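Trainee: quick one, structure for this:
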Amino acid sequence: MDLIVSGNPFAHSRDDAPARWLLDILWLVLASGEDTNGEYSVIEQFMPVGSGPPPHIHPFEDEAFYVMSGEMTAVIGGQEVVLGPGSLGHLPRNVVHEFKVTGTEVCHCLNYYTPAGFEQAILGCSRPAERRELPPPGLDAWDSTQVVRFFNNYWVAPANLPWAQQKWSRG
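Mentor: I've put the predicted structure just below:
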């Protein structure tokens, strides 16, 4: 019997991972679908106080995030939770969610997506980070082409779209 391997072994660090800037956030793509044969992706994020996305859904992937430092307040399917260091949040696909960094320091977390693919939205809509640090505040306007494209693609959809609301109401 042959052993089935789902992907090739790999190791990445934040020092060699693709570093991107979008929405005042530093995104480090630690594992992509190319690395994992499409099974999952992992993104390390550094987010300033006050940052966070509007209500949205991920129609094709489940998301989990692990907070390593800082704090965020998330609204997941209408329920508000505060996540601090050592907290894990799980977001099944098609659940409306949003969050805001609410602590007094940068929120540092790991995001896990299964299956992989969301990282392609980050890579396609962001800009290469000039340094491995937070981007200059306000670098991306909410109505800029890259931000509008980021929140209106295959992997991310605004929660106010009629089809997104229908999916949410069906569970």
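Trainee: how about the strands in the chain?
Mentor: 19-22, 25-31, 41-47, 56-57, 62-69, 72-76, 79-83, 88-91, 97-101, 107-114, 127-128, 157-158 (DSSP state E).
Trainee: for the closest residue to residue 104 other than its chain neighbours, give me its contacts.
Mentor: Residue nearest to residue 104 in three dimensions, not counting chain neighbours: residue 49, with 6.6 Å by Cβ to Cβ, 6 or more residues apart in numbering. From N, CA and C alone the C-beta is placed, and that goes for glycine too. Residue 49 is in contact with 101, 102, 103, 104, 105, 106, 107, counting by Cβ atoms under 8 Å, 6 or more residues apart in numbering.
Trainee: okay, now residue 51: neighbour count?
Mentor: 19 (other Cβ atoms under 10 Å).
Trainee: so which of the contacts of residue 49 wins on neighbours?
Mentor: Busiest of these [other Cβ under 10 Å] is residue 107, holding 27 neighbours.
Trainee: contacting residues for the closest residue to that residue other than its chain neighbours?
Mentor: The shortest distance from residue 107 to any non-neighbouring residue, by Cβ to Cβ, 6+ apart, is to residue 70 (3.2 Å). Applying Cβ under 8 Å, 6+ apart to residue 70 gives the contacts 47, 84, 85, 101, 103, 105, 106, 107, 108, 109.
Trainee: confidence score at residue 70?
Mentor: At residue 70, the model reports a pLDDT of 98.
Trainee: any chance of the contacts of residue 70 in JSON lines with pLDDT and distance to residue 28 as columns?
Mentor: Supplementary listing: the contacts of residue 70 in JSON lines, determined by pLDDT from 0 to 100; distance: Cβ to Cβ, whole Å:
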{"residue": "47", "pLDDT": "96", "distance to residue 28": "12"}
{"residue": "84", "pLDDT": "97", "distance to residue 28": "21"}
{"residue": "85", "pLDDT": "98", "distance to residue 28": "19"}
{"residue": "101", "pLDDT": "96", "distance to residue 28": "17"}
{"residue": "103", "pLDDT": "87", "distance to residue 28": "20"}
{"residue": "105", "pLDDT": "95", "distance to residue 28": "18"}
{"residue": "106", "pLDDT": "97", "distance to residue 28": "14"}
{"residue": "107", "pLDDT": "98", "distance to residue 28": "14"}
{"residue": "108", "pLDDT": "98", "distance to residue 28": "10"}
{"residue": "109", "pLDDT": "97", "distance to residue 28": "11"}
